[in-house]
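Trainee: Take a look and give me a structure for this.
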Amino acid sequence: MQSIIESDELRQSGFDGATLRRVTTTNDLSHATVAVAVPTPPQPQLTVYFDGACPVCSREIAHYQGQAGAQACQWVDAAHCPPDALGPGLARDQALGRFHVRLPDGRLLDGAAGFAALWRVMPGWRWLGWLAQTAPVRPLAALAYSVFLRLRPLWRPAASR
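Mentor: Take a look at the predicted model:
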């Protein structure tokens with residue numbers, strides 16, 4: 001009779017982020033230990049919070065979701081998700097009022113800075129992400145986003161105003 005006993009997980013370079021598990025097999029006559037590579041699911045580079053009830057926002061996010069690099073993001077519709085999906089430090093009214101992204105270290109960025117972070121993880125948009133974070137462009141991008149926020153209520157359905 002043969003049984004498999006899993007023990008501690010090992011991290012080792014050369015396996016592209018896979019987790020190695022030491023697996024010990026035993027039977028009545030022998031005992032052997034082998035390392036088995038188990039793929040580790042990739043962690044999102046960004047968690048993107050968007051207002052799915054805003055037609056303009058939804059259309060723009062759908063566009064990004066269809067782009068190369070979109071799989072590097074976790075997409076959270078703040079208008080329709082359970083409250084715990086927003087994570088620490090982000091209330092639903094904040095998430096609906098402004099675009100937010102959460103970095104892997106847990107920091108939140110919003111507005112134009114959030115868009116710059118999103119663009120930087122998407123190959124076709126990286127140039128714009130780097131440009132938007134430069135000193136001369138950053139305040140202009142923040143101003144443009146502020147103008148958009150003032151106009152955004154005009155595009156929302158009358159029932160949600």
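Trainee: how about the helices of this structure, start to end?
Mentor: Assigned by DSSP state H, the chain shows helices spanning 55-65, 92-97, 111-121, 126-132, 138-155.
Trainee: The shortest one: which residues count as buried?
Mentor: Using 16 or more other CB atoms under 10 Å as the test for burial, helix 92-97 gives 95-96. Glycine gets a C-beta too; all of them are placed from N, C-alpha and C.
Trainee: what's in contact with it?
Mentor: With contact meaning CB atoms under 8 Å, 6 or more residues apart in numbering, helix 92-97 is reached by 49, 51, 53, 76, 78-79, 83, 86, 100, 149.
Trainee: again, 10 Å this time
Mentor: Defining contact as CB atoms under 10 Å, 6 or more residues apart in numbering, one finds that helix 92-97 is touched by 49-54, 57, 76-79, 81, 83, 85-87, 91, 100, 108, 110, 149, 152, 160.
Trainee: what mean pLDDT does stretch 138-153 have?
Mentor: For stretch 138-153, mean pLDDT is 94.
Trainee: ok, now stretch 109-125?
Mentor: On average, the pLDDT along stretch 109-125 is 97.
Trainee: so how far is it from its chain's centroid?
Mentor: From the chain centre to the centre of stretch 109-125 is a distance of 11 Å (CA atoms, centre = their mean, to the nearest Å).
Trainee: Please spell out which residues along that stretch are buried.
Mentor: So for stretch 109-125, counting by 16+ other CB under 10 Å, buried means 109-122, 125.
Trainee: Next: stretch 128-148.
Mentor: Under 16+ other CB under 10 Å, the buried positions of stretch 128-148 are 128-129, 132-133, 137, 141, 145.
Trainee: related to what we said a few turns ago, going through the contacts of helix 92-97, which ones are buried?
Mentor: 49-54, 57, 76-79, 85-86, 100, 108, 110, 152.
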